[in-house]
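# requesting a structural model of the entry that follows:
(2 chains)
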2 protein chains.
Amino acid sequence: MTTASPPVPANHSNASICRGCWDQMRVPIPIRGPLALPFRAFGITRSKMNPDICTICERSFQYVKKQRQISASATILFADIRGFTDLSERIEAVKLSEIVSLFHDRCAQAIWAHDGIVNKQMGDGLMAIFNFPIVRKDHATAAIMAAVDIQRSCTAALNSLNPDIGGLPGRALGVGIGIHTGDVQIGEFSSFRSDFTAIGGVVNLAARLESQAAAGEILVSAETATQDPDLTAGAEVRPLMLKGIEQQVQARVLVKS
Amino acid sequence: MTTASPPVPANHSNASICRGCWDQMRVPIPIRGPLALPFRAFGITRSKMNPDICTICERSFQYVKKQRQISASATILFADIRGFTDLSERIEAVKLSEIVSLFHDRCAQAIWAHDGIVNKQMGDGLMAIFNFPIVRKDHATAAIMAAVDIQRSCTAALNSLNPDIGGLPGRALGVGIGIHTGDVQIGEFSSFRSDFTAIGGVVNLAARLESQAAAGEILVSAETATQDPDLTAGAEVRPLMLKGIEQQVQARVLVKS
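Predicted coordinates:
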């Protein structure tokens, strides 16, 4: 399941050293237990992108990679709440914020369970990266499994909220997810922010796929599907014309079971 | 221009105390000069959302507001690079990252100059908030002026890059901007992230307006335009049907001069 080296426990949520610093530099940075205390005094703590990596990974990209940016193979996952714009016009603000909190928390748990990081959160949407800084050769599989977990846990949770939000017929809440795999640029792309992100055509295609996913759907690109033919076997193939992308994209549609 | 109280210099980029903590709590937190040093030792520094506010404002929303979230009047600005998806398929990665860096830096300068904060950055896009935590009664005006500055500085900078990116005819780079004003929910909407953001219908409408803005355009909602009839006088009115929004929106189109 993981590429963890000996000092790193297999259990993702209990790594005693930062898995990012280990995978990227082979440097053991304690993030749990008494050895972590002196590091904490210097502001080195667990990252909010993933509690198994530390703030060195998150904020000192250039130090970790010895370059301002790198090209790396990764799988990018975008998710957001379908019908949220419509919903935000109809329900009270406090209920709306409960829905957003619930979504972000469930997504993070699913992404962390498969060694991804929650790189960006924006309103009712998020972007996750798999294979950096925690290395996972099977990053496409990890992302698909995280997406399936997101659909499962968010659907259950959102459905339980449905009566509270007026039970409007035909307006059941759901999550749409897009996933794509390929080479991305990872680095710090603004002189005043110090956290890294990923940019490039692969990231944009993943975002476009997400925008086309209906509630409950996971749209997976052909490139991602090729990495794990078993998980995507028998899936509907949906040809899509996406904004800004010239060629038709053959998306695999996974639907929550 | 600002609602700054006596201890806060009018010059936005040289506030000696955090303007957010002052406006929200009337508490003076030194962020520049020798008085700022002991605070820095405790990890309280200038925020990356705006160098005139501090990390207390940014990360301790609940402490500052004594509530997990509040409803507040604000103006929301979304901006992104038009044609970026198309471009990201065509040019080399290093050049692409230069463009993104340039965009984020120019946008931040313009937003800070008008007391807004860069709340979220995601790839080639960003979201800014005006009127929180720095209070500006004329937040709609501030956002429009920031947008005009963004268009001016980004256009000049992106054009100077154009020869490097192949000078593809009809593919000039530009920025699209959407602005909307109204009540938003501000707070922390995920239990693992500690930075605040804004959510709600107003935020989503601003994002939808941005998605419809062509390169060089600023789409301003009627609600924002009403706040500053002078700045939007004579602007083209464009009726738009936006995804997830039932009623037609009458957007004012400001075009870079």
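# ok so residue A:132 is a helix residue?
No: assessed with DSSP: H, G, I helix; E, B strand; the rest coil, residue A:132 is coil; it does not lie in a helix.
# mind listing what's buried along stretch A:177-187?
A:177, A:178, A:179, A:180, A:181, A:182, A:184, A:185, A:186, A:187 (16 or more other Cβ atoms under 10 Å in any protein chain shown). Yep, even glycine has a C-beta here, placed from its N, CA and C like the rest.
# let me redo that: stretch A:250-257
Buried-residue list, stretch A:250-257, by 16+ other Cβ under 10 Å: A:251, A:252, A:253, A:254, A:256.
# quickly find the element holding residue A:120.
According to DSSP states H and E, residue A:120 maps onto strand A:117-122.
# for that strand, packing partners?
Contact partners of strand A:117-122 among helices and strands, from 3 or more Cβ pairs under 8 Å, 6 or more residues apart in numbering or on different chains; DSSP states H and E: helix A:93-113, strand A:125-130, strand A:197-199, strand B:117-122.
# okay, and the beta partners of the spatially closest residue to residue A:222 that is not a sequence neighbour?
Once flanking residues are discounted, residue A:222 sits nearest to residue A:250: 5.1 Å by Cβ to Cβ, 6 or more residues apart in numbering or on different chains. Beta bridges link residue A:250 to residue A:239 when assigned by DSSP bridges.
# hang on, residue A:250 packs against residue A:241?
No: taking Cβ atoms under 8 Å as the definition, residue A:250 is not a contact partner of residue A:241, at 11.4 Å.
# with just CA atoms, put the helix or strand of chain A with the lowest mean pLDDT into CSV.
Sorting the helices and strands of chain A by mean pLDDT, DSSP states H and E puts helix A:84-88 at the bottom, at a mean of 82. Taking C-alpha atoms only, helix A:84-88 is exported to CSV below (Å, rounded to 0.1, in the frame of the first residue of the first chain):
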residue,chain,number,x,y,z
PHE,A,84,-23.9,24.4,-4.1
THR,A,85,-24.4,27.7,-5.9
ASP,A,86,-28.1,27.0,-6.1
LEU,A,87,-28.2,25.8,-2.5
SER,A,88,-26.4,28.8,-1.2
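# got the contact list for it?
A:81, A:96, A:99, A:123-124, A:165, A:171, A:173, B:199-201, B:203-205, B:208, B:242-246 (Cβ atoms under 8 Å, 6 or more residues apart in numbering or on different chains).
# the longest helix along chain A: which residues count as buried?
When chain A is parsed with DSSP state H, its longest helix is helix A:139-161. Applying a neighbour-count criterion of 16+ other Cβ under 10 Å, the buried positions in helix A:139-161 are A:139-151, A:153-155, A:158.
# that older thread, okay, the angle between the strand holding residue A:120 and helix A:93-113?
Taking axes from the mean of the first three to the mean of the last three Cα atoms, to 10 degrees, one finds strand A:117-122 and helix A:93-113 inclined to each other by 160 degrees.
# show me how far strand A:117-122 is from its chain's centre.
7 Å (Cα atoms, centre = their mean, to the nearest Å).
# next one: stretch A:198-207
From the chain centre to the centre of stretch A:198-207 is a distance of 13 Å (Cα atoms, centre = their mean).
# ok, now which ones touch the nearest residue to residue A:93 once chain neighbours are set aside?
In space, and not counting its chain neighbours, residue A:93 is closest to residue B:185: 4.5 Å by Cβ to Cβ, 6+ apart. Taking Cβ under 8 Å, 6+ apart as the contact definition, residue B:185 lies against A:93, A:94, A:96, A:97, B:69, B:70, B:71, B:198, B:199, B:200.
# I'd like the buried residues of stretch A:177-187 as CSV, with secondary structure and pLDDT appended.
Formatted as CSV, those follow (DSSP: H, G, I helix; E, B strand; the rest coil; pLDDT from 0 to 100):
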residue, secondary structure, pLDDT
A:177, strand, 98
A:178, strand, 98
A:179, strand, 98
A:180, strand, 98
A:181, strand, 98
A:182, strand, 97
A:184, strand, 95
A:185, strand, 94
A:186, strand, 95
A:187, strand, 93
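# so which of these is the closest to chain B?
Proximity of the buried residues of stretch A:177-187 to chain B (Cβ to the nearest Cβ) peaks at residue A:185, which lies at 4.5 Å.
# how close does that closest one get to residue A:62?
According to Cβ to Cβ, to the nearest Å, residue A:185 stands 14 Å off from residue A:62.
# residue A:28 now?
Counting by Cβ to Cβ, the gap from residue A:28 to residue A:62 is 21 Å.
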